[in-house]
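Asks: Need a 3D model of the following:
(chains A and B)
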Amino acid sequence: MSMPSLPLFLSQLFNGLATGLLLSLISAGLTIIYGTLGVLNLAHGALFMVGAYAGFLALQWTGSFVLAIIGGMIGALVVGLLMERVIVRYYYQRPPEDQILVTFGIGIVITELVRLVFGGIAKPVPVPSWGQGITKLGSLIYPTYRIEMMAIIAVALLGLYVLLYRTRIGMIVRAGIEDSLMVNMLGINVYRVFLLVFGVGAMTAGFAGILNAPILAVTPDMGESFLVMSFVVIVIGGVGSFPGAIVGGIIAGEIISLTSMFSSAYSHVMLFAIMAVLLAVRPQGLFGIEGRE
Amino acid sequence: MILRTLARYSGGRPWVAELITLVVLLLCPVVLPLFGVTADIASRILIWGLFGLGFDILFGYTGLLSFGQAAFFGTGGFVSAFLLTQTGLQNDVFLGLVIGTVAAMAAGVVVGFFTLRRSGIYFAMITLAFAEMFHFLELSPLSQWTGGENGLTGVPMPIVGLESWHIQISSGWSLYGYIAAFFFVGYVVAHRIVLSPFGQVLTALRDNTPRALATGHSVRKYKLAAFVIAAGYGGLAGGLLGVLQSYMPPDAVAFHTSGQLVMQSIIGGAGTLFGPLVGAALWLGLQNYLQDVPAIASAWMLILGVVFVVLITLFRQGILGAVKQLFTKSASPSEPHESELTVELTRRQHIAGVPDEHPNQDEIPDHYLRADTPAKTRGLIIVPKGESADGAALACRNLTKHYGGIYANEGIDMSIPEGQLRGIIGPNGAGKSTFFKMLAGEVVPTEGHVFLHGADITGLGVTAVSQLGMSKSYQINELFSKLTVAQNLAIPVLARLRGEFRPDMLRSLDKVAGLHGQIEATLELVNLEQRADVPVTELAYGEKRRLEIGLALANAPNVLLLDEPLAGMSPRERADTVQLLKQIRAGRTLVVVEHDMDAMFELAEYISVLQEGRLLAEGTPEEIKNDQRVQDAYLGGMEEV
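Replies: Okay, the predicted model is just below:
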């Protein structure tokens, strides 16, 4: 094993940031839902996939990638809201195990429905015209679309941050995280807020799904590996913590990217191993609060 | 007799179910072909059923939802397959399977060490992540041994018998027989584990982990044991899959294997042992038969997904659970003879005045004392106490607890002599609960020490404190929600008789010396004899309250902490409970926190008053009544406005 050269290191560092930001975005959606509603949504990966398919359809009809992004968000939003209204809302009072099981089941139903309608073969989503080619960043050469994607995700995360920490509704959501019963008693319909949060979380997943579609093949199973990685992210960052999801996502992305310089075979194994070490040292995660499960 | 259902629950005759299982397994090769079920399908169902036996112990009985069982399925499968294809072990399939199982259990110890640090959703996520790690390990870093994406081919068929006389198993129904033999043994072991004292403690963890911890069970060790058992079943099932297919596939370690196991178990019914088998039969049945129906051939997974969501939402107990419930519901009203017997026995005892009739009383280990007076508590055992130099049963020095900048308690010194009934009073927010939690070992003090019979117990934790002979009843009922009254009481007794952990997995509950006697004596004392077989969810509030005190009593404490024992009771129930507290005083030290001043002044020999986290006054009830400071702070003055 030799030490990698500096340019390789820098480009991998950049790569890690790209992967990490995407993981941050997906995990933020997952962690907002968990933090507010107390539900770990195992269908989050399926919503990611729904976003990609909805975006693919919108692209087919309109030819515009911007409209595809909007379509992807709306698709995931609609499915997410349906999911909350029809099933998940009856689970708020049930044990966490039941919530995990039912969202796992819903994820399978969504995935299989998509497979039935679209088949299992990968759908192509080309890189948009404004993202073609490569860009030089100093000595670093990088695909333009990936740089744009990083910028878009950064803006989206900032938007989520503003929504959560700088608006009235965000204040209610954060209060709901602390004590939803109390919020309800203060005269705020906390269940309507729950629906909103579920919608925002689903939309975030769908947004990530269509953004990433030009890079990854669009298949019914595309969400699964992202779901697992976002679990690792929120375990590292602290379940239910928004800053934890961002930092955890970037850390996870860098781990995968930097370790693959030495051995690509071990890069994912390293991610899980580091999670295990963190669990041994700091079980509540980097930004988690002791005693809050 | 009262414990009839404890015995019935404990199987009474566990071999009946086992014999039926054996007969059904033997009949399958004759019956199933008539319905077009092939040996291959039947074998697969058994393998998933075997995998599920372990998972059911982990999830259905212990309440730990793992999404990572594929890790152990894969570990067992690949270790076995590697030994059987790449080493000189080709001729000994059995040994290969055993080593694979042991390897999976070893993996279970390691993974359990990390994952069991958290519970609930964390546990589900972390097990899943670990299984993915195993999957990645299989795919590339270890591909030299596991075949990576190709898996391992050429796993040999087993040979059964000795050198001179043996049977070469081939595919088809003879291989089914080989797998069925493993399933049968696996089932018997799982069945015995579930019925054992060990299994009883697992159900307590599932229903109320903090209370199981507080009654003196080492939750960590029991969880790890259940986790390793589940890993072992997974490993054996994985090994058998390789033998069945002559090929160990890499997707055995994939996420969907764990997911399939979870779904099958829920569909069939968790907590029934056979649930996962039923789920597997439905799963593989649908998969196979729907493939012949062109219109919906590709929709079988969708159909299963919908079935799963509907079952979770409406019939959480699954197919077998629903059947079981149907039977117990129709059975319970038509079982008058049982309760009549109970009543009869109780009546007879009262008339004859011979509560000594407890069947197992003679078997109580010698070193336990028996409370001698009054007669009604004769059956109860009390754990022997240590000796302290100053005769204090429980004492604390400079006990202080800070939460950030908030002082819950500060500098409390207290000494409670052996055998005293001490009352602790104080206005809301005086720090009584925190003080009690520190005494019981539930909260670690910021400063100061707690002494039980002269020994420093600060920081030992609630389990160790309970094992040393001090137990606590809670202000808000902390019962084991899915168990009956008698089963509830069994949990603290088992902790007393078996220590904080004992892997007596194959022992029958009936063989635990002293268990029944202690449960019956407690039932009698808290006046729940006739409700022994009732699930706690069906109890009235006052009955639950009495059971709450019973749980602490059954633990045979020599120091008993009671946190607002009268909370929420009617006047009549209060009077009864005050009588009960008087009865259980013999041989014990009692510390009671209570808001009911009349009861407190009637009961307590000595009273300590807390205010704003500090000890305000101590004295006899008479002294406290007349203490000016106490009146000002708490009882309300009679003087000037």
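Asks: So which residues of the stretch 451-600 of chain B form strands?
Replies: Taking DSSP state E, counting those that start in this stretch as the criterion, the stretch 451-600 of chain B carries its strands at B:455-456, B:470-473, B:559-563, B:589-593.
Asks: Could you spell out the sheet neighbours of the third one, each with its direction?
Replies: What that stands for is strand B:559-563. strand B:470-473 (parallel), strand B:589-593 (parallel) (DSSP bridges).
Asks: Neighbours of the residue lying closest to residue B:589 once chain neighbours are set aside, how many?
Replies: Computed as Cβ to Cβ, 6 or more residues apart in numbering or on different chains, the closest residue to residue B:589 that is not its neighbour in sequence is residue B:393, at 3.8 Å. Backbone N, C-alpha and C define where each C-beta goes, glycine included. Residue B:393 has 26 neighbouring residues, counting by other Cβ atoms under 10 Å in any protein chain shown.
Asks: Identify the residue spatially nearest to residue 66, adjacent ones excluded.
Replies: In the absence of a named chain, this looks at chain A. Among residues not flanking residue A:66 along the chain, residue A:128 sits closest, at 8.0 Å (Cβ to Cβ, 6+ apart).
Asks: not what I meant, chain B
Replies: Spatial nearest neighbour of residue B:66, excluding adjacent residues (Cβ to Cβ, 6+ apart): residue B:127 at 4.2 Å.
Asks: Most tightly packed of the strands paired with strand B:559-563?
Replies: The densest packing among the strands paired with strand B:559-563, expressed as mean neighbour count by mean count of other Cβ atoms under 10 Å in any protein chain shown, is seen in strand B:470-473 with a mean of 27.
Asks: Report the distance from that one to the chain centre.
Replies: 19 Å (Cα atoms, centre = their mean, to the nearest Å).
Asks: ditto for stretch B:466-482
Replies: Worked out by Cα atoms, centre = their mean, stretch B:466-482 lies 14 Å from the chain centre.
Asks: Identify each buried residue in it, please.
Replies: When burial is assessed from 16 or more other Cβ atoms under 10 Å in any protein chain shown, stretch B:466-482 yields the following buried residues: B:466-475, B:477-480, B:482.
Asks: before we move on, back to that, show me what whichever strand or helix holds the residue nearest to residue B:66 is packed against.
Replies: In this structure, residue B:127 is located in helix B:120-139 according to DSSP states H and E. Helices and strands in packing contact with helix B:120-139 are listed as helix A:96-118, helix A:222-237, helix A:267-281, helix B:70-86, helix B:93-115, helix B:255-268; criterion 3 or more Cβ pairs under 8 Å, 6 or more residues apart in numbering or on different chains; DSSP states H and E.
Asks: From the chain's centroid, how far away is the third one?
Replies: Relative to its chain's centre, helix A:267-281 lies at 20 Å (Cα atoms, centre = their mean).
Asks: residues of the biggest helix by length in chain A that come out buried?
Replies: For chain A, the helix with the greatest residue count under DSSP state H is helix A:6-37. Applying a neighbour-count criterion of 16+ other Cβ under 10 Å, the buried positions in helix A:6-37 are A:11-12, A:14-37.
Asks: after that helix, next one along is what?
Replies: Sequence-wise, the next helix or strand beyond helix A:6-37 is helix A:44-62, with elements assigned using DSSP H and E.
Asks: Chain A contacts on the stretch 151-300 of chain B?
Replies: B:255, B:259, B:262, B:263, B:266, B:298, B:299 (Cβ under 8 Å from any Cβ of the partner chain).
Asks: Per-residue pLDDT of the residue nearest to residue A:66, please?
Replies: We have a pLDDT of 91 for residue A:128.
Asks: Dihedrals phi and psi, residue A:140?
Replies: Per-residue torsions, residue A:140: phi -90, psi 130 (degrees, to the nearest 10).
Asks: Residue B:86 - nearest residue in space that isn't next to it in sequence?
Replies: residue B:145 (7.2 Å).
Asks: pLDDT below threshold where in the stretch 151-300 of chain B?
Replies: B:162-163 (pLDDT under 70).
Asks: and if we set it to 90?
Replies: Along the stretch 151-300 of chain B, the parts satisfying pLDDT under 90 run over B:154, B:156-172, B:285-300.
Asks: before we move on, what about the stretch 351-500 of chain B?
Replies: Using pLDDT under 90, the flagged stretches of the stretch 351-500 of chain B are B:351-392, B:403-408, B:419, B:426-433, B:454, B:459, B:475-476.
Asks: got a list of what the residue in it that chain A sits nearest to touches?
Replies: Among the residues of the stretch 351-500 of chain B, residue B:481 lies nearest to chain A; the distance is 10.9 Å by Cβ to the nearest Cβ. Residue B:481 makes contact with B:207, B:208, B:536, B:537 under the criterion Cβ atoms under 8 Å, 6 or more residues apart in numbering or on different chains.
Asks: Leaving out chain neighbours, which residue sits closest to residue B:104?
Replies: Using Cβ to Cβ, 6+ apart and skipping residues adjacent in sequence, the residue nearest residue B:104 is residue B:235, 2.4 Å away.
Asks: so which helix or strand takes in the one you found?
Replies: Taking DSSP H and E as the criterion, residue B:235 maps to helix B:219-245.
Asks: elements contacting that helix?
Replies: Against helix B:219-245 (3+ Cβ pairs under 8 Å, 6+ apart) you get helix B:39-56, helix B:70-86, helix B:93-115, helix B:173-195, helix B:197-207, helix B:209-214, strand B:247-248.
Asks: mind putting the ones you listed in TSV, distance to residue B:437 and mean neighbour count included?
Replies: Formatted as TSV, those follow (distance: least, Cβ to Cβ, whole Å; neighbours: other Cβ atoms under 10 Å in any protein chain shown):
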stretch	distance to residue B:437	mean neighbour count
helix B:39-56	35	26
helix B:70-86	38	29
helix B:93-115	28	21
helix B:173-195	33	20
helix B:197-207	21	24
helix B:209-214	10	21
strand B:247-248	52	24
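Asks: Out of these, the one nearest residue A:246 is which?
Replies: For the helices and strands packed on helix B:219-245, distance to residue A:246 was read as Cβ to Cβ. The smallest value, 24.6 Å, belongs to helix B:93-115.
Asks: Tell me the helices and strands packed up against the closest one.
Replies: For helix B:93-115, the elements it packs on are helix A:267-281, helix B:70-86, helix B:120-139, helix B:219-245, judged by 3+ Cβ pairs under 8 Å, 6+ apart.
Asks: Most tightly packed of the ones you listed?
Replies: Taking mean count of other Cβ under 10 Å as the contact definition, the stretch among these with the greatest mean neighbour count is helix B:70-86, which reaches a mean of 29.
Asks: which one is residue B:274 nearest to, not counting chain neighbours?
Replies: Of all residues not flanking residue B:274 in the chain, residue B:320 sits nearest, at 5.8 Å (Cβ to Cβ, 6+ apart).
Asks: Residue B:276 is in contact with that neighbour, correct?
Replies: No - taking Cβ atoms under 8 Å as the definition, residue B:320 is not a contact partner of residue B:276, at 9.5 Å.
Asks: out of the two, which sits in the busier spot?
Replies: It is residue B:276, of residue B:320 and residue B:276, that has more neighbours when counted by other Cβ under 10 Å, with 35 against 21.
Asks: Return the residues in contact with that one.
Replies: Taking Cβ under 8 Å, 6+ apart as the definition of contact, the neighbours of residue B:276 are B:48, B:49, B:51, B:52, B:53, B:55, B:56, B:261, B:264, B:265, B:268.
Asks: One more: residue B:613?
Replies: Listed by Cβ under 8 Å, 6+ apart, the contact set of residue B:613 reads B:407, B:408, B:409, B:410, B:430, B:431.
Asks: What residues does the fifth one make contact with?
Replies: Spelled out, that is residue B:430. Residue B:430 makes contact with B:610, B:611, B:612, B:613, according to Cβ under 8 Å, 6+ apart.
Asks: which one of these has the most neighbours?
Replies: Sorting those by how many neighbours each has (other Cβ under 10 Å) puts residue B:610 first, at 25 neighbours.
Asks: any idea whether it is helix, strand or coil?
Replies: Reducing the assignment to helix, strand or coil with DSSP: H, G, I helix; E, B strand; the rest coil, the entry for residue B:610 is strand.
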